[in-house]
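**Q** everything below, folded, please.
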Amino acid sequence: MSAVNSAAASDVLSQYQLNQEGKTPGGNELGKDAFMELMLAQLKNQNPLEPQDNGDFIAQLAQFSSLEEMQNLSGSVDDVVGQFRSSQALQASAMVGKTVLAPSSVGILGSEGEITGTIQVPASTGGLRLSVMNQSGELVRQIDMGSSQAGVVSFQWDGQDGNGNPLPPGPYSIVAQGSYPSGSEQLATMVSANVDSVSLGQGGSITLNLAGMGSIPLSEVKQIN
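**A** Model prediction:
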């Protein structure tokens, strides 16, 4: 740059001096407008006896064009993300009040007087049994479901004890067991539950708040009724 204009150029460049975090003193990132102003300042204050090489100038223009395209692309991506999250929020709100099938060993006996769900049977068993226990851990009902092939087996408990007496509403533990040559094996269960509310987390994650059963990610839900 020319010695006569070096002070002016220094003033312009000092406005955009980057700190260790790669930002200007004002806290903003170096955008396309600032990039263009820096390039013009460089052209105005170059040494006329040693003008900027054409190749260097073209390279700077290419950098400016790339910067502008990246900023436009970033804005487009932000718009798409915003629309996606709005769509997720609408879908999530529509799930409130519905019944879902979720992994759990606890079922809520409500006004409908029954608990339904499924049992994951990994291999054929000669004896499938469902045990229901109250909050005190007392066995209130045992249902022998007989032999079963491997797969998903549905179950339904009518909310009554072994003598046909209706039991009070509330949470009950559901334990499924299969009989195998190696012994009795506890099997995974899924229980139907009502969706009380839905929470949207960072990154668009959706969490379902189930009645009496806590919260689970939407990804763990296997069925929506």
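**Q** doesn't V152 belong to a strand?
**A** Yes - assessed by DSSP: H, G, I helix; E, B strand; the rest coil, V152 belongs to a strand.
**Q** which ones are touching P171?
**A** V106, G107, I108, L109, Q135, G212, M213 (CB atoms under 8 Å, 6 or more residues apart in numbering). All C-beta spots, glycine's among them, are computed from the backbone N, C-alpha and C.
**Q** any idea how far the nearest residue to the last one once chain neighbours are set aside lies from S182?
**A** Leaving aside its chain neighbours, M213 sits nearest to A193 (5.0 Å; criterion: CB to CB, 6 or more residues apart in numbering). A193 sits 32 Å away from S182, going by CB to CB, to the nearest Å.
**Q** and for K222?
**A** Computed with CB to CB, the distance linking K222 and S182 is 28 Å.
**Q** can I get the buried part of the contacts of P171 as one PyMOL selection?
**A** The PyMOL command for the buried members of the contacts of P171 (criterion: 16 or more other CB atoms under 10 Å) is given here:
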select buried, resi 106+107+108+109+213
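**Q** tell me which of K222 and S182 has more neighbours.
**A** Applying other CB atoms under 10 Å to K222 and S182 shows that K222 carries more neighbours, namely 11 against 6.
**Q** that one contacts L101, correct?
**A** Yes - contact status for K222 versus L101: in contact at 5.0 Å, counting by CB atoms under 8 Å.
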